[in-house]
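*Asks:* Below is the structure, and that's it, no one-letter string:
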Ligand SMILES: NC(=O)C1=CN([C@@H]2O[C@H](COP(=O)(O)OP(=O)(O)OC[C@H]3O[C@@H](n4cnc5c(N)ncnc54)[C@H](O)[C@@H]3O)[C@@H](O)[C@H]2O)[C@@H](O)CC1
Ligand SMILES: [K+]
């Protein structure tokens, strides 16, 4: 089995599920059922509009209840985990990755400050831009915690960072990842005021000219929380969105990698606001709601078959959609189906092999 992402897999999804469902081992049958389940229903967290997001926040933090410090810590940890997930391949770790966290004046900015600290401990090299520092004691503490780790805190994005590449196509001040923690669900109006308007333009330059991966916290900054991008021509399009508690309405317009984090919502409150906590995997603080289009690599398969099944499902859905659109001119359909069936059989055999290895390795000692 070679799940190489470069290989062209146009798969008949039914054949994959059928091959797995008739397998003799439980893990393959589980995989088959999770695959078919995901085929008919994908997890829907529901959405919060700006007003409900604010009301829910107030309810969560009414006394007695959660404190802002608690929730911000979990929100920032979720962001850091999502950055780790999209920013590393799990092997080379985070050590070489430079991350620029651009933090706004409110709690969205606070999430960025918390994330910077966790990212340092995960092995990244964070730099924080915090132009309008809050004077609230909790924020002063967060800044101190960053100072204690010698994490640089700047007042603006340096011009040398957000400039076009030089003649060699390089920028020595390049950041691998930018975290947009400028505005969350309390952004109002259709235009960000300075100094954040400039910061957002600079982030777009870094994303487009230097291929920095742009990750937004809760809401892409400058987007209307309910309606999406309503700016005149700013066109801020992050690569990744990490929604907190539940996606805001504007997330419906977001088509790239989308995570949800903030694993703290009590079921009663979720029900009251018509949202659902996603089935977070294991001890994760985040769950990816929409998956990348590319087929996963063998390394990803090795990481865990169930995760792989969901990820692969999204890929299949995308392929089917594309196929539906080009059905009329596609004269390779039959051939593709055969390839899909063969691949499904190969995958089932691969699962059996893996399971055997697992049982061998975990055999009780005589
Ligand atoms: N319940 C949750 O899920 C939690 C949410 N948290 C975070 O808190 C965020 C909400 O925080 P806040 O309510 O403090 O608000 P934001 O951080 O969204 O932003 C508010 C600040 O932005 C400024 N602002 C608004 N519109 C502007 C414009 N057009 N130009 C310039 N400045 C503008 C306001 O004056 C205010 O200073 C969420 O999005 C999330 O990131 C977490 O910290 C805690 C838990
Ligand atoms: K944001």
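*Replies:* On my side now, so go ahead. Computed from a prediction, not measured in an experiment: that's the story for all the values here. Ligands and ions are numbered 1, 2, ... in the order given.
*Asks:* in this protein, which spans are helices?
*Replies:* Remark: helices of the chain, listed N- to C-terminal, are 13-21, 26-40, 50-60, 68-87, 107-122, 137-147, 196-210, 267-272, 298-303, 305-325, 333-361; assignment by DSSP state H.
*Asks:* Which of the ones you listed has the lowest mean pLDDT?
*Replies:* The minimum mean pLDDT among the helices of the chain belongs to helix 26-40 (a mean of 34).
*Asks:* Enumerate the residues of this structure near ligand 1.
*Replies:* 57, 60, 71-72, 75, 104-111, 183-189, 192-193, 196, 217-218, 244-245, 262 (CB under 6 Å from any ligand atom). Heads up, the C-betas are built off the backbone N, CA and C, glycines and all.
*Asks:* Run a quick neighbour tally on the residue of the stretch 151-300 of the chain found nearest ligand 1.
*Replies:* Taking CB to the nearest ligand atom as the measure, the point where the stretch 151-300 of the chain comes nearest ligand 1 is residue 184, at 1.8 Å. A count of nearby residues for residue 184, using other CB atoms under 10 Å, gives 26.
*Asks:* Same question for residue 204.
*Replies:* 18.
*Asks:* Would you confirm that it contacts residue 233?
*Replies:* No. The pair residue 204 / residue 233 is not scored as a contact, 11.0 Å apart, by CB atoms under 8 Å.
*Asks:* on that earlier part again, quick one, what contacts the residue of the stretch 151-300 of the chain closest to ligand 1?
*Replies:* 104, 106-108, 111, 217-219, 244 (CB atoms under 8 Å, 6 or more residues apart in numbering).
*Asks:* Likewise for residue 230?
*Replies:* 190, 223-224.
*Asks:* and which of those residues is nearest to ligand 2?
*Replies:* Nearest to ligand 2 out of these is residue 223 (CB to the ion; 8.4 Å).
*Asks:* Just grab the bridge partners of the closest one for me.
*Replies:* Note on residue 223: beta-bridge partners residue 229, judged by DSSP bridges.
*Asks:* between the contacts of residue 230, which has the most around it?
*Replies:* residue 223 (26 neighbours).
*Asks:* how deep is the residue lying closest to residue 289 once chain neighbours are set aside tucked in, by neighbour count?
*Replies:* Once flanking residues are discounted, residue 289 sits nearest to residue 258: 4.8 Å by CB to CB, 6 or more residues apart in numbering. As a burial measure, residue 258 scores 18 neighbours (other CB under 10 Å).
*Asks:* Residue 258 reaches residue 241, doesn't it?
*Replies:* Yes. Look at residue 258 against residue 241 with CB under 8 Å: they come within range, at 5.0 Å.
*Asks:* Overlap in contacts, these two.
*Replies:* With CB under 8 Å, 6+ apart as the test, residue 258 and residue 241 both reach 247, 251.
*Asks:* now the residue of the stretch 151-300 of the chain closest to ligand 1: how far from ligand 2?
*Replies:* 5 Å (CB to the ion, to the nearest Å).
*Asks:* cool, and residue 59?
*Replies:* Taking CB to the ion, one finds residue 59 at 22 Å from ligand 2.
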